[in-house]
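>>> can't give you the sequence, but here's the structure:
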């Protein structure tokens, strides 16, 4: 592919080889790191943070409503959003999952679109350095 074709594809969102709009899937834009999702694009920002419990219940809060994010290794991550307190408990919540990727930092920078509680078997099978979310309380 020539340089001009590459430029055209990204500027116009069209692939000149196919003559159609380039496909962009949201699933491709987010990495599943087990306990949380991570937006790939350096400028990508999530609008909301989904909190997924193992029982199937989900709550999504707008990042614009998050007033404060605090991390205490003994307490977990505490979010203050719209007068409500949300606590994420687990292990390695501020550990580097891969270079420059940490759950707490990702939430603070709006790079995490969702977090998910681990079921018992996943928590037991995970590596010692893996980020595991034991509970999400709201």
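Received it, and whenever you're ready, just let me know what you need. This one's a predicted model, so the numbers in the text were calculated from it and none came from an experiment.

>>> and the residue most central in space within the chain, what pLDDT?
Nearest to the mean C-alpha position of the chain, by CA atoms, centre = their mean, lies residue 112 at 2.4 Å. Confidence at residue 112, expressed as pLDDT, is 97.

>>> residues in contact with it?
Each residue near residue 112 by CB atoms under 8 Å, 6 or more residues apart in numbering is listed here: 36-39, 46, 49, 103, 106. For every residue, glycine as well, the C-beta is placed using N, CA and C.

>>> same thing but at 10 Å, please
30, 33, 35-39, 46, 49-50, 63, 101-106 (CB atoms under 10 Å, 6 or more residues apart in numbering).

>>> swap in residue 77?
Contacts of residue 77 by CB under 10 Å, 6+ apart are 69-71, 86-90, 93-94, 103-104, 107-108, 115, 133, 136.
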